[in-house]
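Student: Everything below, folded, please.
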Amino acid sequence: MALGMFGVLLLCGVLCSSAISPFKEHLKACHPDCTKFGNCNGETGQCDCPFGLTGPSCQERLFPACHVSKDPGTLPHYGTWYPKNCECIKQLHAWPGSCPEHLHYEGTGVSGASPCFYDLVLAHRLSDSPALNASGVDWFHATGHTARHSPPQEAQLPPEQVPQEYKTPDGGQWRPLSECPDRCNNRGWCQIQGSNYQGRHYDAAERWCNCQGYFRGNSCEVADTQHCYRGCSGVGECVGGWCHCKPGYWGHGCTRTKAYSSSVGWRPNHAKIKVYVYDLPSNVVHRREFHDQWSLIDLMYNAELEFTELLLGDWGVRTENPWEAALFYVPTFTYWYTGNVGHPYFVIQHATKWLQENSPFFNLTGGRNHIFWATNDRGVCKLQMAPPEMQHSIKLVHFGQSPRRPYAARMKVGQTTDPTAHLALRGALPQPGTRFPEFPAEFTAMDILEESEICIRPEKDVVTPNYIMPTWVEPHNYNQVWNVTQLPDGTRQVTRKRGPDVPVRNLTLYFAGFTKPQMSYSQGVRQLIHKLFGPGGKYDPKGPNARPDYKVGGPGGGEAATYMQQSRFCLAPMGSGWGIRLVEAMISGCVPVIIQDHVYQAHWDVVPFPEFSIRVGRHDLHRLVELLDDVAPQELEELQAGIERYHRAFFWDAQWGGLAYNYTIQALKQRAHSMWSANYRRRRRAQQRRRLFSVGRRSRHGW
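Tutor: Next up is the predicted model:
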């Protein structure tokens with residue numbers, strides 16, 4: 001009897017535990033025609049549309065004049081590669097999302113940044129790609145956003161200036177759509193000669209379709225799934241870089257099928273930290289085209305895509321239930337708006353504004369548990385001057401510069417109350433302390449200011465490795481250094497190759513890379529290393545102190561991997577921002593020698609750098625040869641053993657054993673713990689920063 005009661009109580013406990021969950025699946029319905037051109041978002045009950053379409057069934061057009069057809073479901077095209085309707089530029093300009101009024105920046109000199117996401121320089125007035133000499137067509141020269149509040153400018157061309165042919169930037173000639181197969185399915189433009197990513201066309205009689213971004217085929221009939229996350233998971237079509245999913249699916253990669261409600265509000269799981277992935281409307285952020293072209297980016301900036309691709313399929317970390325999530329990831333396609341030298345402030349600020357107005361989870365913490373990417377060269381530098389709403393969120397970056405204080409903090413007390421006064425400084429401006437003994441190069445004010453920019457807050461932001469070209473980790477190169485054994489459970493065992501067949505590392509140090517006269521480039525490190533080992537330098541190859549075991553020169557090209565595999569140490573300086581040499585050295589089994597003052601390295605907080613790398617301050621750079629000569633064979637062996645243990649943390653390609661994603665997730669989980677531990681900046685320090693940089697404001701810094 002007692003056993004029976006125990007069994008009943010135990011069963012009740014299990015059932016009751018399940019019954020009292022505060023979370024319930026709850027899907028909302030959309031317009032019955034939503035899935036014809038859009039995706040029914042079961043979480044919001046709204047129809048998610050590709051960029052340029054809107055309404056309850058995605059059949060309303062934001063920019064009707066930017067379409068080349070009245071056929072439903074077509075997408076707008078607004079680039080500068082070929083002529084557009086002049087009304088297109090007016091409609092883009094009038095759209096509030098083109099130059100949002102809320103975008104602002106309180107500093108100066110944000111390189112490559114514009115508060116207008118759709119800067120256009122268009123030409124001519126036409127309708128549906130007519131012939132150049134078609135009757136009833138007026139031609140104008142139109143200019144887009146010359147300034148945020150400047151209306152588009154257009155001037156009608158006199159008859160003698162109407163072009164008899166229109167040259168495309170690739171050397172071809174634009175032709176009416178009607179001359180090309182199937183009108184290019186309204187996904188491209190017609191031209192003769194010229195080229196695209198597939199090659200050049202020489203036949204002047206051939207009319208061929210140059211496809212808009214993310215389409216291909218003789219008539220642009222193929223929507224290429226490689227440009228959508230997870231290839232739309234086999235349940236959708238990739239349309240202009242956006243997944244049009246089958247009914248019942250929505251979101252990035254068509255990976256969403258469930259939505260939830262909560263009876264207790266937000267209750268994050270503290271035992272198993274989960275990440276929720278936002279699906280922002282495409283009219284807020286999307287995989288933007290580049291002037292009608294495919295937005296093909298340099299792969300080394302590809303970490304945002306690789307991280308997102310892996311996270312979307314990692315249901316051990318990801319959750320569809322935001323009420324239980326500890327962290328919130330915001331995919332923004334940042335690089336598509338900034339390129340490598342632009343600045344991510346405006347696109348992150350734009351997404352932040354949308355979250356403030358539409359997401360209760362963002363406002364619960366002020367965005368402290370929300371994650372944004374910035375893979376551009378200098379990440380989110382000048383962070384101390386970012387708008388208040390951007391201060392708190394977690395930034396995933398490659399460039400971890402974090403000086404103790406920005407340059408304004410070094411100005412004498414009472415000298416000025418203007419927190420941006422230092423930005424006008426010019427000329428020689430020595431900083432306390434000597435940078436380079438034996439290297440009297442002058443650092444200008446701008447050089448010093450740039451290396452004094454705050455680019456991360458290490459207690460909350462995460463520094464990750466850049467994406468490396470696949471050839472570095474594919475077997476033909478990788479297996480020159482590493483033995484790879486596939487274990488029965490699918491995991492890999494990777495060990496360093498040893499034995500007489502392994503090439504001897506007969507070079508002490510290898511570095512090949514660009515240099516520039518500006519000392520801000522690499523903080524002057526590349527300049528000095530080239531001077532030391534160049535003509536007339538201390539280790540001039542033809543001088544008495546020549547060191548043939550040191551190979552230092554310009555860009556190494558395809559030989560870089562081979563030389564790194566033959567070297568014991570590899571120099572890892574920065575460039576204009578983050579550098580690629582750390583990742584390349586780790587993959588090559590070469591001990592990285594990191595010379596980057598005030599710069600946190602990728603995974604600095606989750607891997608033990610002293611076990612596999614050597615760190616040298618710029619002040620000691622002139623003694624580099626002596627420092628490396630001091631490394632004993634046993635010490636070198638220990639460092640190489642550390643590379644064996646941790647090198648996979650520095651590359652992303654999971655198919656080749658990369659673990660960069662895993663270590664990035666580990667670092668992000670630590671940020672959740674830090675938030676719950678109230679590990680914020682000390683109050684006194686925060687007050688000092690407010691006095692320096694936020695005159696009249698009270699909530700801008702720290703988190």
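Student: Tell me where the stretch 301-450 of the chain has helices.
Tutor: 303-312, 334-338, 345-358, 360-365, 445-451 (DSSP state H, counting those that start in this stretch).
Student: what sits against the residue nearest to residue 184 when sequence neighbours are not counted?
Tutor: Closest residue in space to residue 184, ignoring its immediate chain neighbours: residue 209 at 3.9 Å, by Cβ to Cβ, 6 or more residues apart in numbering. All C-beta spots, glycine's among them, are computed from the backbone N, C-alpha and C. Taking Cβ atoms under 8 Å, 6 or more residues apart in numbering as the contact definition, residue 209 lies against 180, 181, 184, 188, 189, 190, 217, 218, 219, 220.
Student: Which helix or which strand is home to the closest residue to residue 482 other than its chain neighbours?
Tutor: The shortest distance from residue 482 to any residue other than its chain neighbours is 5.2 Å, reached at residue 494 (Cβ to Cβ, 6+ apart). Taking DSSP states H and E as the definition, residue 494 sits inside strand 492-496.
Student: CA atoms only: put that strand into CSV for me.
Tutor: Extracted C-alpha coordinates of strand 492-496, given in CSV (Å, rounded to 0.1, in the frame of the first residue of the first chain):
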residue,chain,number,x,y,z
ARG,A,492,37.9,14.5,-34.7
GLN,A,493,41.1,13.8,-33.0
VAL,A,494,43.8,16.2,-34.3
THR,A,495,47.5,15.8,-33.4
ARG,A,496,50.6,17.5,-34.6
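Student: Which residues does the residue nearest to residue 482 form beta bridges with?
Tutor: In this entry, residue 494 is beta-bridged to residue 484, by DSSP bridges.
Student: coming back round to it: of the helices of the stretch 301-450 of the chain, which is nearest residue 55?
Tutor: For those, the distance to residue 55 is smallest for helix 345-358, at 17.8 Å, taking Cβ to Cβ.
Student: Tell me the buried residues in that closest one?
Tutor: 345, 346, 347, 348, 349, 350, 351, 352, 353, 354, 355 (16 or more other Cβ atoms under 10 Å).
Student: list the contacts for the fifth one?
Tutor: Okay, so that is residue 349. Residue 349 makes contact with 102, 103, 104, 387, 389, 390, according to Cβ under 8 Å, 6+ apart.
Student: how about a cut-off of 7 Å?
Tutor: Residue 349 sits next to 103, 387, 390 when contact means Cβ atoms under 7 Å, 6 or more residues apart in numbering.
Student: hang on, the earlier thing: how deep is the residue nearest to residue 482 tucked in, by neighbour count?
Tutor: Residue 494 is flanked by 16 other residues according to other Cβ atoms under 10 Å.
Student: Please report the distance of it from residue 607.
Tutor: Residue 494 sits 15 Å away from residue 607, going by Cβ to Cβ, to the nearest Å.
Student: again, but for residue 391
Tutor: 28 Å.
Student: What ranges does the stretch 501-650 of the chain have for its helices?
Tutor: 525-533, 560-565, 581-587, 624-629, 633-646.
Student: Am I right that residue 344 is in contact with residue 338?
Tutor: Yes - contact criterion Cβ atoms under 7 Å: residue 344 and residue 338 qualify, at 5.2 Å.
Student: What pairs with the helix or strand containing residue 209, parallel or antiparallel?
Tutor: Using DSSP H and E, residue 209 falls within strand 208-211. Its sheet considered, strand 208-211 pairs with strand 188-192 (antiparallel) by DSSP bridges.
Student: Need the contact partners of the strand it pairs with.
Tutor: Defining contact as Cβ under 7 Å, 6+ apart, one finds that strand 188-192 is touched by 82, 129, 168, 172-177, 179-180, 184, 204, 206-212, 215, 220.
Student: Which ones among the residues you listed map onto strands?
Tutor: Mapping those onto strands (DSSP state E) picks out 173, 174, 175, 208, 209, 210, 211, 215.
Student: which of those lies closest to residue 38?
Tutor: Looking across the ones in strands among the contacts of strand 188-192 and measuring by Cβ to Cβ, the closest to residue 38 is residue 215, at 18.7 Å.
Student: pretty sure the closest one is in contact with residue 187, am I right?
Tutor: Yes - look at residue 215 against residue 187 with Cβ under 7 Å: they come within range, at 4.4 Å.
Student: Skipping its backbone neighbours, what lies nearest residue 164 in space?
Tutor: The shortest distance from residue 164 to any non-neighbouring residue, by Cβ to Cβ, 6+ apart, is to residue 132 (6.5 Å).
Student: Now do that neighbour, the pLDDT please.
Tutor: Note for residue 132: predicted pLDDT of 71.
Student: contacting residues around it?
Tutor: Residue 132 makes contacts with 163, 164, 165, 166, as judged by Cβ under 7 Å, 6+ apart.
Student: and with 8 Å instead?
Tutor: By Cβ under 8 Å, 6+ apart, the neighbours of residue 132 are 162, 163, 164, 165, 166.
Student: does it sit in a helix, a strand or a coil?
Tutor: Three-state call for residue 132 (DSSP: H, G, I helix; E, B strand; the rest coil): coil.
Student: pLDDT and neighbour count for the contacts of residue 209 - can I get that in TSV?
Tutor: Putting the contacts of residue 209 into TSV (pLDDT from 0 to 100; neighbours: other Cβ atoms under 10 Å) gives the following:
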residue	pLDDT	neighbour count
180	95	24
181	95	15
184	94	26
188	92	26
189	93	26
190	94	22
217	92	17
218	93	13
219	95	18
220	93	23
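Student: Now do stretch 164-180: distance to the chain's middle.
Tutor: Remark: stretch 164-180 is offset 34 Å from the chain centroid, using Cα atoms, centre = their mean, to the nearest Å.
Student: for the stretch 551-700 of the chain, what spans make up the strands?
Tutor: Counting by DSSP state E, counting those that start in this stretch, one finds strands in the stretch 551-700 of the chain at the ranges 567-572, 591-594, 599-600, 614-615.
Student: Near residue 564, how many other residues are there?
Tutor: 27.
Student: Now do the contacts for the closest residue to it other than its chain neighbours.
Tutor: Leaving out its chain neighbours, the residue that sits closest to residue 564 by Cβ to Cβ, 6+ apart is residue 588, at 3.6 Å. Residues near residue 588 by Cβ under 8 Å, 6+ apart: 481, 561, 564, 565, 567, 570.
Student: residue closest to the middle of this structure?
Tutor: By Cα atoms, centre = their mean, the chain has its centre lying nearest to residue 375, at 3.3 Å.
Student: My guess is that residue contacts residue 337. True?
Tutor: No - the criterion here is Cβ atoms under 8 Å, and residue 375 misses it with residue 337 at 11.7 Å.
Student: Kindly check the end-to-end length of stretch 226-245 for me.
Tutor: Terminal residues of stretch 226-245 are spaced 15 Å apart (Cα to Cα, to the nearest Å).
Student: returning to what we had before: just curious, which of the contacts of residue 349 is nearest to residue 667?
Tutor: Using Cβ to Cβ, those come closest to residue 667 at residue 390, 20.2 Å.
Student: which ones are touching the nearest residue to residue 465 once chain neighbours are set aside?
Tutor: With sequence-adjacent residues excluded and distances taken as Cβ to Cβ, 6+ apart, residue 465 is closest to residue 602, at 4.0 Å. Neighbour list for residue 602: 398, 400, 463, 464, 465, 466, 582, 583, 650 [criterion: Cβ under 8 Å, 6+ apart].
Student: Nothing else from me, thank you.
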